[in-house]
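[1] got a sequence here, can you model it:
(one chain, ligands or ions: 1)
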Amino acid sequence: MRKPIIAGNWKMNKTPEEAAQLVRDLIPLVKDAKCDVVVCTPAVNFAAVKPVIEGTNIKLGAQNVHFKASGAYTGELSADMLKAAGCEYVIIGHSERRQYFGETDKTVNLRTVAAVKAGLKAIVCVGEMKDEREAGYTDMIVMYQTQMALHGLTAEELDNVVIAYEPVWAIGTGLTATDEQANETIGVIRNEEAAAKIRIQYGGSMKGSNVKGLMAQPEIDGGLIGGASLKAEDFAQVVNF
Ligand code: 13P
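    This is a model prediction of the structure:
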């Protein structure tokens, strides 16, 4: 019922030339994918990537968006700018932004509402830190983050939201939540939103070797892929799970 969605989060990697080459390599490898395929590239690469993926099944995404339409916000990009540059998706509230750039549950909410109201699809990230899991707070943290992030959106607007559950301790570490751990926490998030139809991805060291087990779990609708999205063959292995 829920179409799976695999998105690459390239983070701060690839120049325009490298980005165009990566999607050129990717196109034939993922053309028969049964899931939605998204590449979230740095904004400087939109102009190089967009014409290459035109007419293919690969969609363009950004990694952040500001909540105001325009104005004196040095370094920021508005939802309308992202749309005009060809983006369909935008990642919001990634743990690296929460950790290093002062992103809070409040700003995640403002960005999510602005993105969805402007017609973008938001990939909203939630997830617990290692000490929070060890202390038994995982469910509480993800429930709180989810509620805060989606506050003010209508049921209809939630159709344009994807949630990415990324346990912070599993990002870039090679550690993955077990299939069951990921499934269980995603189940908690789903109950929180009372949303059978919302798509919820897992993220955190997801790759070709573990994608099948994770995607076999009933609650997991896809993945948000960091390291394994930077090479066409690696990302294609995940997409073609
Ligand atoms: P890795 O796949 O490199 O662990 O990164 C996950 C992530 O943060 C995706 O947003």
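[2] only C-alpha atoms for contact and neighbour calcs from this point on.
    Noted.
[3] do stretch 167-178 and the ligand meet at all?
    Yes - if you take CA under 6 Å from any ligand atom as the test, stretch 167-178 does meet the ligand, through 171-172.
[4] now the strands: where do they sit in this protein?
    Using DSSP state E, the strands found in the chain span residues 5-9, 36-40, 58-62, 89-92, 121-126, 161-165, 199-203, 222-225.
[5] include distance to the ligand, mean neighbour count and mean pLDDT when you put the ones you listed into a markdown table, please.
    Converted to a markdown table, the strands of the chain look like this (distance: least, CA to the nearest ligand atom, whole Å; neighbours: other CA atoms under 10 Å; pLDDT from 0 to 100):
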| stretch | distance to the ligand | mean neighbour count | mean pLDDT |
| --- | --- | --- | --- |
| strand 5-9 | 5 | 25 | 98 |
| strand 36-40 | 9 | 23 | 99 |
| strand 58-62 | 12 | 25 | 98 |
| strand 89-92 | 8 | 28 | 98 |
| strand 121-126 | 8 | 27 | 98 |
| strand 161-165 | 8 | 26 | 97 |
| strand 199-203 | 5 | 29 | 97 |
| strand 222-225 | 4 | 29 | 98 |
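[6] OK, contacts around the residue positioned nearest the centre of the chain?
    The geometric centre of the chain, computed from its C-alpha atoms, lies nearest to residue 123 (CA atoms, centre = their mean), at 4.3 Å. Under the criterion of CA atoms under 8 Å, 6 or more residues apart in numbering, the contact list for residue 123 reads 89-92, 161-164.
[7] and the gap between it and residue 203?
    Separation of residue 123 from residue 203 (CA to CA, to the nearest Å): 11 Å.
[8] follow-up on the earlier one: which of the contacts of residue 123 sits closest to residue 55?
    For these, the residue nearest residue 55 by CA to CA is residue 89; the value is 16.6 Å.
[9] quick check: that closest one touching residue 119?
    No - assessed by CA atoms under 8 Å, residue 89 is found out of contact with residue 119, at 9.3 Å.
[10] okay, residue 174: pLDDT?
    Confidence per residue is given as pLDDT, and for residue 174 that number is 86.
[11] thinking again about what came up before, quick one: which of the strands of the chain is nearest residue 28?
    Between residue 28 and those, the shortest gap by CA to CA is with strand 58-62, which sits at 10.6 Å.
[12] and that closest one with strand 121-126, angle?
    An angle of 60 degrees separates the directions of strand 58-62 and strand 121-126 when computed by axes from the mean of the first three to the mean of the last three CA atoms, to 10 degrees.
[13] give the pairing partners of strand 58-62; include direction for each.
    With DSSP bridges as the test, strand 58-62 is paired with strand 36-40 (parallel), strand 89-92 (parallel).
[14] need these in TSV (columns: distance to residue 18).
    Compiled in TSV, the strands paired with strand 58-62 are given as follows (distance: least, CA to CA, whole Å):
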stretch	distance to residue 18
strand 36-40	13
strand 89-92	21
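[15] and those strands: which comes nearest residue 71?
    Distances from residue 71 to each of these were compared by CA to CA, and the smallest falls on strand 89-92, at 20.1 Å.
[16] export the closest one as CSV, just CAs?
    The C-alpha trace of strand 89-92 is given here as CSV (Å, rounded to 0.1, in the frame of the first residue of the first chain):
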residue,chain,number,x,y,z
TYR,A,89,12.0,16.7,-2.0
VAL,A,90,13.9,18.3,0.9
ILE,A,91,15.5,16.7,3.9
ILE,A,92,14.6,18.6,7.2
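[17] buried sites along the worst-scoring helix or strand of the chain on mean pLDDT?
    One helix or strand of the chain scores below all others by mean pLDDT, DSSP states H and E: helix 179-193, with a mean of 92. By neighbour count on 16 or more other CA atoms under 10 Å, the buried set for helix 179-193 is 179, 182-190, 193.
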